[in-house]
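In: below is the sequence, then the predicted model.
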Amino acid sequence: MNAVVSEIPGEAAASAERLKITEIFLSLQGEAREAGWPTVFVRLTGCPLRCQYCDTAYAFHGGEWWTIDAILAEVARQGVRHVCVTGGEPLSQKRCIQLLQKLCDAGHAVSLETSGAIDIAEVDPRVSRVLDIKTPGSLEVHRNLWSNVALLTPHDQVKFVICSREDYDWAKAIVAEHRLAGICDVLFSPSYAQVTPRELADWIVADRLPVRFQMQLHKLLWNDERGR
Ligand code: SF4
């Protein structure tokens, strides 16, 4: 990845608009409503959570500073409409709000993958927010910021990663309690090596649950190779 932060002293405005980036790459969107679209992924560095199944721990630390203008230029260079801002937890960097707005202004179809632990109120309404609700099996259930649920619109999506039958029953109860299926798409994913896709699919069908089963397309295609 190119380091793109200006070395010129005195560029206060530019440095004020920097974000720490782990990687920017072109791939297929592997999940959620936008699955299958060629998409540019902007992976921001850092996350305050530690889900036991996390597959992007390499984004917890390190990264390089990019100006927002440089990120926009790199995204434009990739030449596709769909952009996914992800992490880590992208909202743990406050200037992510600005980046999302500018990506929308540039005409992109923008989605945001967020842990559900940080307030989403300031996210541009043009962004499709994919909000995790952490189950007990994630070991981060206490981090759910429940006030986010009241902010969801049909443009958003809610995602549960299911680690066990107990997680499934818990998630089913949460979907009913908050009437989530009446607000936006609700996605259930099996946690890799903890619940088989077949098990989860069978549970959903047996219960006629108003949720969308999903598997991570990029893992099927590229075995979760980094940058794909
Ligand atoms: S919120 Fe996402 S990036 Fe952070 S630890 Fe959990 S799975 Fe990993």
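Out: All right, it came through fine.

In: who in the chain is up against the ligand?
Out: Applying C-beta under 6 Å from any ligand atom, we find that the chain lies next to the ligand at 47, 49-51, 54, 56, 87-89, 115. (Each C-beta comes from the backbone N, C-alpha and C, glycine too.)

In: helix, strand or coil: sort out the residue most central in space within the chain for me.
Out: Central residue check for the chain by C-alpha atoms, centre = their mean: the C-alpha nearest the mean position is that of E113, 1.5 Å away. With DSSP: H, G, I helix; E, B strand; the rest coil as the basis, E113 sits in strand.

In: so what pairs up with it in the strands?
Out: Note on E113: beta-bridge partners by DSSP bridges are V130.

In: mind starting the numbering at 37 from now?
Out: Yes, from this point I'll number from 37; that puts the last item at E149.

In: how much space separates it from I198?
Out: Note on E149: its distance to I198, by C-beta to C-beta, to the nearest Å, is 17 Å.

In: now swap in A145 and tell me
Out: Taken as C-beta to C-beta, the span from A145 to I198 is 28 Å.

In: neighbour count winner among the two?
Out: Per other C-beta atoms under 10 Å, whichever of A145 and I198 has more neighbours is I198, with 26 against 17.

In: which residues touch the closest residue to W73 other than its chain neighbours?
Out: Closest residue to W73 apart from its sequence neighbours, by C-beta to C-beta, 6 or more residues apart in numbering: H118 at 4.5 Å. Going by C-beta atoms under 8 Å, 6 or more residues apart in numbering, H118 touches 65, 70, 73-76, 144-145, 147.

In: no further queries at this time; thank you.
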